[in-house]
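1. Give me a model of this one.
(one chain, ligands or ions: 3)
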Amino acid sequence: MTRNTFQIPEAPYPDDSLALHTDKYQINMTQVYWQDGIHDRKAVFEVYFRKIPFQNGYAVFAGLERLVRYLQEFRFSDSDLAYLKEDGYPDAFLEYLKSVRFTGTVRSMREGELVFANEPMLRVEAPLAEAQLIETAVLNIINFQTLIATKASRIKQIVGDETTMEFGTRRAQELDAAIWGTRAAFIAGFDATSNVRAGKLFGIPTAGTHAHAMVQAYRDEYAAFRKYAECHTDCVFLVDTYDTLRSGVPTAIEVAKEFGDRIKFKGIRLDSGDLAYLSKEARKMLDEAGFTDAKIYASNDLDEHTILNLKAQGAKIDVWGIGTKLITAYDQPALGAVYKLIAIEDENGEMADTIKISSNPEKISTPGRKRVFRIINKTNGKSEGDYIALEHEEPQRQERLKMFHPVHTYIAKFVTNFEARELHHTVIENGDLVYRLPALREIQTFVKENLNVLWDEYKRLLNPAEYPVNLSQECWDNKMKRIEEIQEKVNRRVQA
Ligand SMILES: Nc1ncnc2c1ncn2[C@@H]1O[C@H](COP(=O)(O)OP(=O)(O)OP(=O)(O)O)[C@@H](O)[C@H]1O
Ligand SMILES: O=P(O)(O)OC[C@H]1O[C@H](OP(=O)(O)OP(=O)(O)O)[C@H](O)[C@@H]1O
Ligand SMILES: O=C(O)c1cccnc1
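-> Ligands and ions are numbered 1, 2, ... in the order given. Down below sits the predicted model:
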C-alpha cells in the first residue's frame, strides 16, 4: 500500500514586508493625499491613551525597539505592490508607494518610562502619507507591549524582590505575542522566561522545571526525578502529579538525598491545589529534611490578586511562575492608545494646529507640538506630576510653576525647587536612527528608578490616587482658542 505524504507549502512571499500590516483605510487615505498632491505636507501625530489599564495608577511604556526596527525597514516589497495591484490600485499610485520610506522624525519616551493617561508617549512628525501609513502598526506594537509591561509591573509590585518567571508562551495570542510579551514582562522586572527563543533573541535569562508529562511518562515520581537528576545538575521537581504531600514532596526529598552533592536541589514546584496550605506543609518537610535552601516554586493561573491573597495567607512560596494571566492581559485584553493628528502644514507652508472635539471634555485632543516634563521635587526626589507644555516653553527655567488640572482647573498648586525632566527624546530624525537603543537590563533598571520617583499612593493595586498630568497655561489657552474657533465655524455653518 502506498502512503500519501504531503509537503508544507513554501511561505508564499519570500519578500513579505510589514508595510501591509496596516488597515486598508490607511492606504485609501494615502491615495487621496497623493492624488490631491498633499501627501508630502508635514504632519504631526501623537500617541496616547485615555485610561490606564487594569485601573492601575501608571503604565509602563514599551515597544520602542520594535517600532524603530519597523520604521527603519518600512518599504513596500514587490509582492506587496503586486497584491495591491490585484486589488485595483492604479499603477501610478503603486509607483509612488514603491518609493515610500520613513523619512520622518520620532520623539518618544524611553522604553520603561512611566506614562499616564492623556499624555503623549511618542510623536511622529513626517510627510502626511508616511505618518498615515504607519499608524496601525505603531498602535499595534505600543498598545500590546505597554499593556503587558504594565500588567507585569503590577505583579512585580506584589512580589517585590522574590523571583518571577514568565511561563505564558503556550497561552499567548500566538507566536509574536509570546515573544514580545515576554520581553515586556522582563522590562517590568521579571527575572526569567521559559521561552528559549526569547532568551536567544533578547538575552533574557531562561529557566524551567519539568511538566507532569515526564512523571507520567515514567509512570512513577521516583523514577522520573531520578532520571532528571542523572541528566541535569539544577533540579526542581514538580510534586503534584499524584499526591503532593504524601508522595511528591517525600519523593523529591528522597531523590535529593540520594544524589547529594551530585545535583543542586533547587526546590520543588506546586502547580495545583491549595498553594498556601501545600507550600507551608512542604516548607516544613523540606526544612526537617535539612533542605532549608530549597525553594518552593508555584504556578497555576497566578496573577497579582492571587499572589497578594497567597501572601496574606502566609504561603511559603519563593518563586512565582506566571503565564496565562500575564501574557494575555487576562483582565484587560487591550490598551486603547490612539494616534491623533495634532498639527498639519497648510497650503502656505505654515504649521496649523488641529483638534478633535468630543462631548466628553476628557476626550478632546490637545492641539499643537508639545513637550512633556516630569516635575520632580528636589527636596524629596518625588514627582509632583507631569507637565505638558507647548514646544517653545521652558518650564525648567521657571522658579515657580503653576500646575493645574486640565479639566477641573480649580485643582491647582504651585511648585518651587523642582527639576523638570523632559520625557521625550529624539529617536529618529529625518529617517535616521539618532538614539542608542538601551540594553534590556538598562531598561529594567530604568523602570525601577522611575518607580522610586513615584509616591506609593500611585503604585497601590487597588484604587490608586490619580497622578496629576497638567497642561501649561499656554497649552491650555491654545486648546481653548482652538475649541472656540471650531465652535464658531460650526455655528456659522449651522446659521448659513
Ligand atoms: N490558598 C489559595 N488561595 C487563593 N487562591 C488559591 C489558593 N491556592 C490556589 N489558588 C488559586 O486558585 C485557583 C485554583 O484553580 P483550579 O481549581 O483550577 O486549580 P486546581 O484544581 O487546584 O488545579 P488544576 O485544575 O490545575 O489541576 C488557581 O488560580 C490558583 O492559583
Ligand atoms: O498557569 P499559568 O499561569 O498559565 O502558568 C503556566 C502553566 O503551564 C503549565 O500548565 P499546563 O499547560 O501543563 O496546564 P495545567 O497545569 O493547567 O494542566 C504549568 O504547569 C502552569 O500551570
Ligand atoms: O518550566 C516550567 O515549570 C514551566 C514552563 C512553562 C509553563 N509552565 C511551567
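2. Alpha carbons of stretch 46-54, as PDB, please.
-> What follows is stretch 46-54, C-alpha atoms only, in PDB (Å, rounded to 0.1, in the frame of the first residue of the first chain):
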ATOM      1  CA  GLU A  46       0.800  61.900  18.900                       C
ATOM      2  CA  VAL A  47       0.200  58.500  20.600                       C
ATOM      3  CA  TYR A  48      -1.600  58.500  23.900                       C
ATOM      4  CA  PHE A  49      -4.200  56.600  25.800                       C
ATOM      5  CA  ARG A  50      -7.100  57.900  27.800                       C
ATOM      6  CA  LYS A  51      -7.300  55.300  30.500                       C
ATOM      7  CA  ILE A  52      -4.600  53.500  32.300                       C
ATOM      8  CA  PRO A  53      -5.100  49.700  32.000                       C
ATOM      9  CA  PHE A  54      -6.100  47.400  34.900                       C
END
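3. How far does it sit from its chain's centre?
-> From the chain centre to the centre of stretch 46-54 is a distance of 12 Å (CA atoms, centre = their mean, to the nearest Å).
4. Which one of the residues in the protein is closest to ligand 2?
-> Residue nearest to ligand 2 within the chain (CB to the nearest ligand atom): Gly323, separated by 2.8 Å. For every residue, glycine as well, the C-beta is placed using N, CA and C.
5. I'd like to know how far that residue sits from ligand 1.
-> The gap separating Gly323 from ligand 1 is 11 Å, by CB to the nearest ligand atom, to the nearest Å.
6. Quick check, pLDDT for that residue.
-> On the pLDDT scale, Gly323 is placed at 98.
7. just checking, it touches Thr164?
-> No. Counting by CB atoms under 8 Å, Gly323 does not reach Thr164; the two are 11.2 Å apart.
8. more neighbours, these two?
-> Thr164 (26 against 21; other CB atoms under 10 Å).
9. Would you mark the buried spots in stretch 448-461?
-> Asn450, Leu451, Leu454, Tyr458, Lys459, Leu461 (16 or more other CB atoms under 10 Å).
10. of these, closest to Val407?
-> Tyr458 (18.9 Å; CB to CB).
11. Could you list the low-pLDDT ranges of the protein?
-> Filtered on pLDDT under 70, the chain yields the residue ranges 1.
12. How about the residues of it by ligand 3?
-> Phe167, Ser194, Gly208, Thr209, Arg269, Ser299, Gly321, Gly323 (CB under 6 Å from any ligand atom).
13. remind me, longest helix of the chain?
-> helix 135-159 (DSSP state H).
14. hmm, who's touching the next helix or strand after that one?
-> Downstream of helix 135-159, the first helix or strand assigned by DSSP states H and E is strand 163-166. Strand 163-166 is contacted from outside by 152, 155-156, 181-182, 185-186, 189-195, 207, 295, 297, 318-323, 326-327, using CB atoms under 8 Å, 6 or more residues apart in numbering.
15. Which ones among the residues you listed lie within helices?
-> Ala152, Ile155, Lys156, Gly181, Thr182, Ala185, Phe186, Leu326, Ile327.
16. For those residues, give me CSV that also has neighbour count and distance to Leu471.
-> Shown next, in CSV, are these (neighbours: other CB atoms under 10 Å; distance: CB to CB, whole Å):
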residue, neighbour count, distance to Leu471
Ala152, 29, 30
Ile155, 25, 33
Lys156, 22, 31
Gly181, 30, 33
Thr182, 31, 37
Ala185, 31, 33
Phe186, 26, 34
Leu326, 28, 34
Ile327, 26, 36
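17. hang on, the earlier thing: contacting residues around the residue of the chain closest to ligand 2?
-> Gly323 neighbours (CB under 8 Å, 6+ apart): Glu166, Phe167, Gly168, Thr169, Arg170, Arg171, Ser299.
18. Not counting sequence-adjacent ones, nearest residue to the last one?
-> Same thing as Ser299. Nearest non-adjacent residue to Ser299, counting by CB to CB, 6 or more residues apart in numbering: Gly321, 3.5 Å away.
19. For His408, the count of nearby residues, please.
-> There are 9 residues near His408, going by other CB under 10 Å.
20. Tell me the secondary structure at it.
-> Three-state assignment for His408 (DSSP: H, G, I helix; E, B strand; the rest coil): coil.
21. quick one: it and Asn463, what's the gap?
-> 19 Å (CB to CB, to the nearest Å).
22. ok, which residues in the stretch 201-350 of the chain are in contact with ligand 1?
-> Ser272, Gly273, Asp274, Leu275, Ala276, Asn300, Asp301, Leu302, Thr306, Asn309, Leu310, Gln313.
23. Got a quick ChimeraX command for the buried subset of those residues?
-> One line in ChimeraX is enough to select the buried members of those, burial here meaning 16+ other CB under 10 Å:
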select :275,276,300,302,306,310
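24. The residues of the stretch 201-350 of the chain next to ligand 1 in helices, which ones?
-> Judged by DSSP H, those include Leu275, Ala276, Thr306, Asn309, Leu310 as members of helices.
25. Test my guess that Tyr387 contacts Phe373.
-> Yes. Counting by CB under 8 Å, Tyr387 touches Phe373, with 4.6 Å between them.
26. what is in contact with those two at once?
-> Joint contacts of Tyr387 and Phe373 (CB under 8 Å, 6+ apart) are Pro395, Ala420.
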